[in-house]
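*Asks:* Make a model of this:
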Amino acid sequence: MKRIVVTLYRKREKMKKKSLKAVGTVLAVCLCATACGSTASTTTEDNTVNSETKEVSTEQSSVVQSQETAEVSQDAKEASVDNFTVTYLDDGTVMLSAYSGDKEESIIVPEEVDGKSVTVIADDTFMNHEELKAVKLPDSITEIGTEAFMNCFELENVYLGISLEKVGDRAFLYTDINDLSLPESIKEIGNSAFSGGKYTELTIPSGITQIEIGAFMNTSIITLHIPSNIQLIKKDAFSGCNQLIEVTMEDGVEVIGESAFEECDVLEKVTLASTVTEIGPYAFTKCPELTYVYIPEATTTIDEGAFWSSENVTIYTPAGSYAESFAIEKNIPYVNQ
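*Replies:* Alright, predicted model coming up:
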């Protein structure tokens with residue numbers, strides 16, 4: 001089973017320092033130009049100022065883009081409610097930004113604070129709370145931040161509400177969720193968001209268009225149905241799912257990414273959608289029980305290592321298709337279908 005190396009990026013302060021340094025450079029240049037009084041020198045310095053100002057603008061733009069979950073005003077207030085710290089947001093709602101409990105195995109996140117709806121779980125809020133076994137989020141929650149529940153190793157039961165739209169990267173990585181119910185409201189699921197859970201069933205919401213990197217990696221899903229709203233299955237999306245037996249897809253899926261189903265130990269049957277055009281590197285590698293893969297006529301790109309070390313696979317495909325020629329070239333058994 002693959003390991004996921006989790007790397008946290010914290011660049012904001014560094015970028016701010018760079019911005020201040022650049023502003024200082026601009027001011028110094030402007031003062032020097034005034035003191036010298038030389039037309040030629042002033043022209044040169046102006047060019048320098050323009051260049052430095054552009055750098056400052058770029059840096060400041062980067063700082064804005066690197067902001068964490070939700071928009072918080074400069075005069076935002078914080079308050080403590082039981083074991084929670086909340087932050088009041090610009091839109092009049094509340095973000096749950098910290099949790100200080102260490103004994104409760106089951107918690108219920110409040111739906112309102114001071115009459116304001118709780119809409120966001122901030123980055124890292126419940127991270128490393130190994131005592132947690134059950135969490136109920138209110139129906140008002142629309143966003144769960146990066147690594148919000150990561151390393152809650154005992155967390156088995158989670159209610160996500162009915163309004164959730166975004167789940168951040170690694171939000172539930174290294175948890176033990178045994179029953180995952182995703183609301184139809186979800187539009188975005190981040191990298192490795194639900195990796196490692198023990199849930200055996202997965203229904204993908206209709207608002208999602210792609211499965212992100214490692215999103216459901218190393219889980220216990222038994223059968224998987226990919227709906228028509230999914231166009232792209234990214235790298236490692238379902239790799240290491242060692243209970244997965246069968247995969248079916250509706251028309252709409254176009255690309256199977258690198259290692260998407262790698263090391264699915266008991267995977268036996270895969271039926272690709274008729275719209276699939278590309279199968280990436282190692283997409284179905286190291287699947288020793290895989291015996292049936294239907295590849296449509298639309299598929300025109302198959303990486304040479306797509307079925308590496310899956311010795312028992314037989315490709316089923318229309319006569320004259322690219323998949324047929326691929327099978328012949330790689331000495332893989334095939335059946336026209």
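*Asks:* Could you chop this protein up by domain?
*Replies:* Structural domains assigned to the chain are 12-65, 69-175, 200-337, following automatic domain parsing.
*Asks:* export those to CSV and tack on mean neighbour count and distance to residue 194?
*Replies:* Bear in mind the C-beta positions are built from the backbone N, C-alpha and C, glycine included. Below are the domains of the chain laid out as CSV (neighbours: other C-beta atoms under 10 Å; distance: least, C-beta to C-beta, whole Å):
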stretch, mean neighbour count, distance to residue 194
domain 12-65, 14, 26
domain 69-175, 18, 5
domain 200-337, 19, 6
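*Asks:* Reformat these as CSV; add distance to residue 189.
*Replies:* Listed next are those as CSV, based on distance: least, C-beta to C-beta, whole Å:
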stretch, distance to residue 189
domain 12-65, 21
domain 69-175, 5
domain 200-337, 5
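*Asks:* So for residue 182, which of those domains sits nearest?
*Replies:* Among the domains of the chain, domain 200-337 comes nearest to residue 182, with 5.3 Å by C-beta to C-beta.
*Asks:* start to end distance for that closest one?
*Replies:* 31 Å (C-alpha to C-alpha, to the nearest Å).
*Asks:* Now find how far off-centre it is within its chain.
*Replies:* Here domain 200-337 shows a centroid-to-chain-centroid distance of 20 Å under the convention C-alpha atoms, centre = their mean, to the nearest Å.
*Asks:* Now it: average pLDDT?
*Replies:* Averaging pLDDT along domain 200-337 gives 98.
*Asks:* separation between residue 149 and residue 112?
*Replies:* 22 Å (C-beta to C-beta, to the nearest Å).
*Asks:* cool, residue 121 as well?
*Replies:* For residue 121 relative to residue 112 (C-beta to C-beta), the value is 15 Å.
*Asks:* got it, and residue 194?
*Replies:* In terms of C-beta to C-beta, residue 194 sits 27 Å off from residue 112.
*Asks:* Check residue 262 too.
*Replies:* Distance from residue 262 to residue 112, by C-beta to C-beta: 45 Å.
*Asks:* Look at residue 179 and report its pLDDT.
*Replies:* 96.
*Asks:* Now it: closest residue in space, sequence neighbours ignored.
*Replies:* residue 199 (5.8 Å; C-beta to C-beta, 6 or more residues apart in numbering).
*Asks:* which ones are touching that neighbour?
*Replies:* 177, 178, 179, 180, 219, 220, 221 (C-beta atoms under 8 Å, 6 or more residues apart in numbering).
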